[in-house]
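Undergrad: coords please:
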Amino acid sequence: QVQLVESGGGLVQAGGSLRLSCAASGSIFSINSMGWYRQAPGKQRELVASITSGGSTNYADSVKGRFTISRDNVKNTVYLQMNSLKPEDTAIYYCKMTLWAAGNSFWSDHWGQGTQVTVSS
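TA: As a prediction, this is how the structure comes out:
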């Protein structure tokens, strides 16, 4: 059974920084893409940033230049460094990994439980 566990959320003032982590555990053969999504109250879940197995990154326009996604393939962990935070960044942040679990014959998407990020003005 694969599990994704997130950490690092919290309350921060506008202009501050937070670093989110998401670690995958279980019988994992390989991980392809990793990403962070967020969902604010009353809004749809949206992509924040993603990173491929080769290290290519993609960011939402709203976070470009402020957020940085990175990954540690040894630790099966993805990070999101968030700087210059704004009140509009307030949301529940979810990590997602596309991975090949041991015993499977296909890639599958797995989600973390979500971590709350609140930015006060």
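Undergrad: ranges for the helices of the chain?
TA: Counting by DSSP state H, no segments of the chain form helices.
Undergrad: What ranges in it fall below the confidence cut-off?
TA: Applying pLDDT under 70 to the chain flags no residue at all.
Undergrad: For the most centrally placed residue in the chain, give me its contacts.
TA: In the chain, the residue lying closest to the centroid (Cα atoms, centre = their mean) is residue 36, at 2.8 Å. Taking Cβ atoms under 8 Å, 6 or more residues apart in numbering, we find residue 36 in contact with 20, 22, 47-50, 69, 78, 80, 93-96. All C-beta spots, glycine's among them, are computed from the backbone N, C-alpha and C.
Undergrad: do the same with residue 88
TA: For residue 88, the contacting residues are 40, 62, 119, by Cβ under 8 Å, 6+ apart.
Undergrad: now, which of the residues you listed sits nearest residue 14?
TA: residue 119 (5.7 Å; Cβ to Cβ).
Undergrad: I am finished for the moment; much appreciated.
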